[in-house]
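Visitor: structure, please.
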Amino acid sequence: MVARRAVALCLLVGCVESFLPPRSTRSLQTLALLSRLSPRRVAASDELVDKGAFMAAVDVLMSESAKASGAAPPRPLAEAEAAGEVAYAIGKTTATLPLSEAEGLGLVEATYLVLVSGVTPKLAESGLQVKDTITSVSVEGTDLFESTRAMDMGATAERLTVAIQTAEAKGVAEIGLELNRLVELKFDPSGEL
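Guide: Take a look at the predicted model:
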């Protein structure tokens with residue numbers, strides 16, 4: 001069962017500086033080669049992913065989604081922000097990934113980040129949203145805590161797989177996720193709160 005879930009997660013993964021301008025974008029990539037998981041424990045970090053890279057990755061995801069549906073590509077987020085039409089910030093939040101729903105998590109690699117590209121309704125209820133990036137995984141009741149901050153698809157998939165295997169071995173029903181989320185800041189032109 002552990003091997004089946006690990007393989008399913010790896011298959012699903014293959015599917016579908018602060019205020020500096022974003023790095024050049026590149027096409028969505030399919031599943032990258034799995035990198036070797038470091039045996040050392042990675043310490044928790046309060047650092048957020050790079051805002052420019054995050055915005056560029058979301059642009060790639062939105063552009064590819066528009067292309068797939070035959071729609072016109074959306075305006076780049078950095079361009080809209082530079083024009084003063086909108087402002088973005090990065091928020092930090094947590095979610096859980098129930099083991100029973102692991103196969104419903106879609107991930108995609110886009111411009112230096114792995115983004116959530118699909119969630120089931122149950123995953124949405126547990127706190128995950130499309131366009132989030134997973135920055136760490138953990139299993140309650142164990143010392144497993146692995147950073148996935150700004151890792152490629154292969155490294156992210158491997159860490160998720162290890163967390164799922166650890167949770168199953170310990171009889172834990174879910175794994176913990178720390179996420180970064182790109183948040184659109186809303187302005188009230190009337191000045192009222």
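Visitor: and the residue nearest to the spatial centre of the chain, what does it touch?
Guide: Using Cα atoms, centre = their mean, the residue of the chain that lies closest to the mean C-alpha position is residue 133, 2.1 Å off. Applying Cβ atoms under 8 Å, 6 or more residues apart in numbering, one finds that residue 133 lies in contact with 49, 54, 57, 113-116, 179-181. (C-beta placed from N, C-alpha, C; glycine too.)
Visitor: of those residues, which is the most crowded?
Guide: Among these, the one with the most neighbours (other Cβ atoms under 10 Å) is residue 57, at 29 neighbours.
Visitor: that one against residue 111, yeah?
Guide: Yes. Residue 57 lies in contact with residue 111 (Cβ atoms under 8 Å); the separation is 4.4 Å.
Visitor: check which element follows the worst-scoring helix or strand of the chain on mean pLDDT along the chain.
Guide: Here the helix or strand of the chain ranked lowest by mean pLDDT, DSSP states H and E is helix 2-13, holding a mean of 39. Downstream of helix 2-13, the first helix or strand assigned by DSSP states H and E is helix 51-69.
Visitor: show me how far that next one is from its chain's centre.
Guide: Here helix 51-69 is found 13 Å from its chain centre; the criterion is Cα atoms, centre = their mean, to the nearest Å.
Visitor: that one packs against which elements?
Guide: Where contact means 3 or more Cβ pairs under 8 Å, 6 or more residues apart in numbering; DSSP states H and E, helix 51-69 is packed against helix 77-82, strand 87-98, strand 106-110, strand 113-118, strand 174-185.
Visitor: could you tell me how far the second one lies from the centre of the chain?
Guide: Read that as strand 87-98. Going by Cα atoms, centre = their mean, where strand 87-98 is centred and where its chain is centred differ by 9 Å.
Visitor: quick one, it and strand 174-185 angle?
Guide: For strand 87-98 against strand 174-185, the angle by axes from the mean of the first three to the mean of the last three Cα atoms, to 10 degrees is 160 degrees.
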